[in-house]
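In: Give the three-dimensional model of this entry:
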Amino acid sequence: MILRAPAKVNLTLEVLGKRDDGYHEISSVVQTISLCDELDFQPGSGLEFESDDPDWIAGQSLVSRAAGLLRDAAGCSEGARIRVTKRIPLMSGLGGDSSDAAATLRGLNWLWGLNLSQEELLELAAQLGSDVSLFLYGGTLLIKGRGEMVTPLPPVPHAWVVLAVPPLPRMPGKTKQLYASLRNSHYTDGRITDRLVAALRRGEEIQPSTLFNTFENVAFARAENLAVYRRHIEKMGAGRVNLAGAGPTLYMLENDKACADELCFLIGQQGMNSHLAETLIAMDWQE
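Out: Okay, the predicted model is just below:
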């Protein structure tokens, strides 16, 4: 069985404040996109993992944790061989590892014949990480809490998504560091996200002014070169250049395919890893 694991971008990402449990309360509209990893599930005697990306390490990935958690929770002794074909850059702010973990839960649930419900898989996903739950849905989603509270939304009008991944050093623990850098003045009350949700429910186009990511308040200050790359992209004629999650990936939404193609090409010419994707509705990536 082969499952696709899509990347995501945050159309809004508001942090409302810090919770008593140490996590932060967020309100965010998330969109899955057509840049996908692929996970191939085969029967095996134990749990075996491999990838075409030499930098992908099973012991540092949520894939191995998801497999172990599912097997323990189900009281299952079955094994599996899981091959991960990486297309989503590692530690890029696009949610690749969380998406791979969600695909692992779904794939092994099928391979092992466990027949766990969506609700049961969501309970396991919440134990793995804040972003894993959303990838059990896909499409356009409202996420709240620490990320585990997911509400499907009407799909955004189709758009092309141009991704630019600057050649910056990978930063393990980057998201935690950005959260720690936020100040009270960076917290918002959720109304930015509420406005976008209302517009989507009315079937309206996404306006650039509705996009928001509070991490932009701190990410560009922490990584000066990231701001330089953003300025380069703006000089290419891009519209609004947005930070994807905790970065360093930058993304732009385009309605015109030719414009998106040209921008993607120019970004690649500037030494950045560029990808052209499009928005997905949930059914686009189901097996």
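
In: contacts, neighbours, all on C-alpha from now
Out: Will do.

In: Nearest spatial neighbour of V15, chain-adjacent residues omitted?
Out: I26 (4.5 Å; C-alpha to C-alpha, 6 or more residues apart in numbering).

In: dump the residue contacts of the one you found.
Out: L13, E14, V15, L16, G17, I143, K144, G145, R146, G147 (C-alpha atoms under 8 Å, 6 or more residues apart in numbering).

In: chain center to the helix or strand it falls within: distance?
Out: According to DSSP states H and E, I26 maps onto strand 24-44. Relative to the centre of its chain, strand 24-44 is centred 6 Å away, using C-alpha atoms, centre = their mean, to the nearest Å.

In: do stretch 177-190 as well
Out: 20 Å.

In: repeat for stretch 173-188
Out: 18 Å.

In: so which two of the contacts of I26 are the farthest from each other?
Out: Pairwise distances among the contacts of I26 were taken by C-alpha to C-alpha; the largest, 15.0 Å, belongs to G17 and I143.

In: Please identify which of these two sits among more neighbours.
Out: Neighbours were tallied for G17 and for I143 using other C-alpha atoms under 10 Å; the higher tally belongs to I143 (23 against 17).

In: partners of that one in the sheet?
Out: S28, V150 (DSSP bridges).

In: repeat for E14
Out: S27.

In: what about it, how many residues close to it?
Out: Applying other C-alpha under 10 Å, we find 24 residues neighbouring E14.

In: same deal with S117?
Out: Around S117 there are 11 residues (other C-alpha under 10 Å).

In: And it, what's its pLDDT?
Out: Here the pLDDT value assigned to S117 is 96.

In: same check, this time on M283
Out: For M283, the predicted pLDDT is 58.

In: Then A238?
Out: 86.

In: got it, and V63?
Out: Predicted confidence (pLDDT) for V63: 98.

In: Over to L243?
Out: If you check L243, the pLDDT there is 97.

In: Can you name the residues bridging to it?
Out: Counting by DSSP bridges, the residues bridging with L243 are L250.

In: tell me, how many neighbours does it end up with?
Out: L243, neighbours per other C-alpha under 10 Å, totals 28.

In: cool, and the one 5 residues further on?
Out: P248 is flanked by 25 other residues according to other C-alpha under 10 Å.

In: And for T12?
Out: 26.

In: list the buried ones in the strand holding I26?
Out: For strand 24-44, burial by neighbour count (16 or more other C-alpha atoms under 10 Å) applies to 24-43.

In: Can you name the next helix or strand after it?
Out: Downstream of strand 24-44, the first helix or strand assigned by DSSP H and E is strand 47-51.

In: That next one packs against which elements?
Out: strand 79-85 (3 or more C-alpha pairs under 8 Å, 6 or more residues apart in numbering; DSSP states H and E).

In: Which residues outside stretch 244-252 are in contact with it?
Out: Outside stretch 244-252, the residues touching it (C-alpha under 8 Å, 6+ apart) are 9-10, 13, 92-94, 161-166, 168, 174-175, 178, 213, 215, 219, 226, 230, 238-243.

In: so of those, which ones are in helices?
Out: Judged by DSSP state H, these include K174, T175, L178, A219, L226, R230 as members of helices.

In: Compile these into a markdown table and extend it with columns for distance to Q269 and neighbour count.
Out: Shown next, in a markdown table, are those (distance: C-alpha to C-alpha, whole Å; neighbours: other C-alpha atoms under 10 Å):
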| residue | distance to Q269 | neighbour count |
| --- | --- | --- |
| K174 | 27 | 17 |
| T175 | 28 | 17 |
| L178 | 29 | 18 |
| A219 | 24 | 22 |
| L226 | 17 | 22 |
| R230 | 14 | 21 |
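
In: what's the angle from the strand holding I26 to strand 79-85?
Out: 120 degrees (axes from the mean of the first three to the mean of the last three C-alpha atoms, to 10 degrees).

In: Extract the C-alpha set from strand 24-44 and format it as CSV.
Out: In CSV, the C-alpha atoms belonging to strand 24-44 read as follows (Å, rounded to 0.1, in the frame of the first residue of the first chain):
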residue,chain,number,x,y,z
HIS,A,24,0.7,27.7,23.5
GLU,A,25,-2.9,28.2,22.6
ILE,A,26,-3.2,28.8,18.8
SER,A,27,-5.9,29.6,16.2
SER,A,28,-4.9,28.8,12.7
VAL,A,29,-6.3,28.1,9.2
VAL,A,30,-4.2,25.4,7.6
GLN,A,31,-4.2,24.3,3.9
THR,A,32,-2.7,21.0,2.6
ILE,A,33,-0.9,21.2,-0.7
SER,A,34,0.1,18.8,-3.5
LEU,A,35,3.8,18.6,-2.5
CYS,A,36,3.7,15.1,-0.9
ASP,A,37,6.0,12.5,0.5
GLU,A,38,5.1,8.8,-0.3
LEU,A,39,5.0,6.0,2.2
ASP,A,40,5.1,2.4,1.1
PHE,A,41,3.8,-0.2,3.6
GLN,A,42,4.8,-3.9,3.3
PRO,A,43,4.4,-6.8,5.7
GLY,A,44,7.5,-7.5,7.8
